[in-house]
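Just need the structure, nothing else, for what follows:
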Amino acid sequence: MRGPGMRRSSTAVVMFLVLAVAWPLLASAQQSPSMPPPAPATNNSRLEKAYVALQALKRAITDDPKNLTHNWCGPDVCNYFGVYCAPAPDDPCQRTVAGVDLNHGDLAGKLPEELGHLSDLAVFHLNSNRFSGSLPESLRSLHLLHEIDVSNNQLSGPFPSQLLCLPNVQYVDIRFNNFCGEVPAAIFEKKIDALFINNNHFELTLPESFSKSTASVIVLANLPRVGGCLPSSIGDMAATLNELVLLNSGISSCIPPEIGKLDKLTVLDLSFNSISGTLPETIGNMRALEQLDVAHNQLAGEIPESICELPHLKNFTYSYNFFCGEPHRCLEVPRIDDRQNCIAGRPDQRPGEECIAFLHRPKVHCDAHGCIATPSPPPPVHAPPPPVY
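Below is the predicted model:
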């Protein structure tokens, strides 16, 4: 499911659509009724390499139930379904393959190494298919690639390090696959706009470089092997971050007060983790916030009224915690969920004995890095000196 922030770079796609529609119209407008149609243009070297790549992909497809590649015959690759051509960026007089979009094709097969011949490719969309195996190593040579979306497939293997070699990639979507292993910290240092790696089998400890990310959307959801803490440097992401989704990622942390610096953030989802402590009052400074979900954690204390006064807040979910109070202003938020807390007078709360037992636990302390601090051991008990006679 794609939320409002799960967007595409529209410029390249619009360019391809305009070319696809306008090119035959312009050609026909220039022909005289008495003139025969022109002969097909001879492929340049770029299109010849693209022909090799696309034919290799067609051969590697083992099931095409929608018959999407039925017209992938002959050298005129610009007329292939799902293939978009445009003037080459370094030579406008030559056409080249700039985009491949076979989304929702239900195609099965593997991705061949020959795809590396698509050296001018800017957009590569294969989401919602049944491709298996790993991403080709040759993808690292696609230096013009701007968007890659291979989500909702059956791809596997380690994190595709090829993505780290792409200097112009802005949109990375590899979610809902079977990738595994460690996520390299370097991915958060790339100048990308959107990163979706959720619903894989990755292992990840939030690195120090996490807060160096310039992405507007980061989704690390349903990665149960994520560790580490929400760093206090998270406020450094304020200039670009619009959506942060870390639900069900096994994070054991406090929420640092510096999170309030994220004044452009519209969506914050920290639900289904092991987050402790209280909700920082500084969240009330996040004036763009529309959706806040901290359900199914170990949070306690009172809900700060400043959060419920946020002007754009539409959905505030804080159920299944141990909050003991909420301002009346919170009940005026268009959609709230405060079930299974310890709030007197509200329906569907935890049993009293469960709340009392929680209150008797040792108070949670957070260190300077946002991690839950280990309680200091009690001072040693010294036996009194023996009496002097």
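
From now on I want contacts and neighbour counts done on CA atoms only, so please keep to that.
Fine.

Could you tell me the average pLDDT over stretch 97-111, please?
For stretch 97-111, mean pLDDT is 98.

mind checking the SS state of Asp263?
Three-state assignment for Asp263 (DSSP: H, G, I helix; E, B strand; the rest coil): coil.

how about the nearest residue to it, chain neighbours excluded?
Excluding the flanking residues, the one nearest Asp263 by C-alpha to C-alpha, 6 or more residues apart in numbering is Met286, at 4.4 Å.

you'd agree that neighbour is up against Pro257?
No. The pair Met286 and Pro257 fails to qualify as a contact (C-alpha atoms under 8 Å) at a distance of 11.4 Å.

Out of these two, name the residue with the larger neighbour count.
Shown here are Met286 and Pro257; by other C-alpha atoms under 10 Å, Met286 has more neighbours (23 against 17).

Next one: the residue nearest to Asp263 from Asp106, what distance?
According to C-alpha to C-alpha, to the nearest Å, Met286 stands 41 Å off from Asp106.

swap in Cys308?
According to C-alpha to C-alpha, Cys308 and Asp106 sit 44 Å apart.

neighbour-wise, which of these two wins?
For the pair Cys308 and Asp106, the greater number of neighbours falls to Cys308 (24 against 20), based on other C-alpha under 10 Å.

how deep is the residue nearest to the more buried one when sequence neighbours are not counted tucked in, by neighbour count?
Using C-alpha to C-alpha, 6+ apart and skipping the chain neighbours, the partner closest in space to Cys308 is Cys330 (4.9 Å). Neighbour count of Cys330, defined by other C-alpha under 10 Å: 19.

just for the stretch 1-150 of the chain, where's the confidence low?
For the stretch 1-150 of the chain, the stretches with pLDDT under 70 are 1-42.

ok, longest strand in the chain?
Secondary structure of the chain per DSSP state E: the longest strand is strand 91-101.

in that strand, what counts as buried?
Using 16 or more other C-alpha atoms under 10 Å as the test for burial, strand 91-101 gives 95-101.

Show me the strands in the stretch 101-250 of the chain, by range?
All strands of the stretch 101-250 of the chain, identified by DSSP state E, counting those that start in this stretch, fall at 108-110, 123-125, 130-133, 147-149, 154-158, 171-173, 178-182, 194-196, 201-205, 217-219, 225-227, 243-245.

Please name whichever of these is nearest to His296.
Closest approach to His296 among the strands of the stretch 101-250 of the chain (C-alpha to C-alpha): strand 243-245, 14.5 Å.

mean confidence for the closest one?
Strand 243-245 carries an average pLDDT of 98.

Name the next helix or strand following that strand along the chain.
Following strand 243-245 in sequence order, the next helix or strand is strand 252-253 (DSSP states H and E).

And the contacts of that next one?
For strand 252-253, contacts defined as C-alpha atoms under 8 Å, 6 or more residues apart in numbering pick out 227-230, 273-276, 366, 370-372.

That strand: partners in the sheet, and parallel or antiparallel?
strand 274-277 (parallel) (DSSP bridges).

after the strand it pairs with comes which helix or strand?
strand 291-293.

what's the following helix or strand past that next one packed up against?
Proceeding N to C from strand 291-293, the next assigned helix or strand is strand 298-302, under DSSP H and E. Applying 3 or more C-alpha pairs under 8 Å, 6 or more residues apart in numbering; DSSP states H and E, one finds that strand 298-302 contacts strand 274-277, strand 322-325.

Would you tell me which of those strands gets closest to Pro362?
With respect to Pro362, and counting by C-alpha to C-alpha, the nearest of the helices and strands packed on strand 298-302 is strand 274-277 at 11.2 Å.

May I have that closest one as CSV, with CA atoms only?
What follows is strand 274-277, C-alpha atoms only, in CSV (Å, rounded to 0.1, in the frame of the first residue of the first chain):
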residue,chain,number,x,y,z
SER,A,274,9.7,-1.5,22.8
ILE,A,275,9.8,2.3,23.3
SER,A,276,9.8,3.4,26.9
GLY,A,277,9.7,6.7,28.8
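
tell me how far it is from the chain's mean position?
Between the centre of strand 274-277 and the centre of its chain there are 23 Å (C-alpha atoms, centre = their mean, to the nearest Å).

what's the answer for stretch 350-366, then?
Chain-centre distance of stretch 350-366: 34 Å, with C-alpha atoms, centre = their mean.

Same question for it: list its buried residues.
Neighbour-count burial for stretch 350-366 flags 350, 355, 366 (criterion: 16+ other C-alpha under 10 Å).

picking that back up, if you average pLDDT over each of the helices and strands packed on strand 298-302, which comes out lowest?
The weakest mean pLDDT among the helices and strands packed on strand 298-302 belongs to strand 274-277, with a mean of 93.

pLDDT wise, what is the one residue sitting closest to the centre of the chain at?
For the chain, the residue nearest the mean C-alpha position is Phe196 (2.3 Å; C-alpha atoms, centre = their mean). If you check Phe196, the pLDDT there is 98.

Tell me if I'm right that it and Arg175 touch.
Yes. Between Phe196 and Arg175 a contact is recorded at 5.7 Å, counting by C-alpha under 8 Å.

Can I take it that Thr69 is in a strand?
No. With three-state DSSP as the criterion, Thr69 is assigned coil and is not in a strand.

Find the residue closest to Leu121 in space, skipping its chain neighbours.
Excluding its sequence neighbours, the residue lying closest to Leu121 (C-alpha to C-alpha, 6+ apart) is Ala98, at 4.4 Å.
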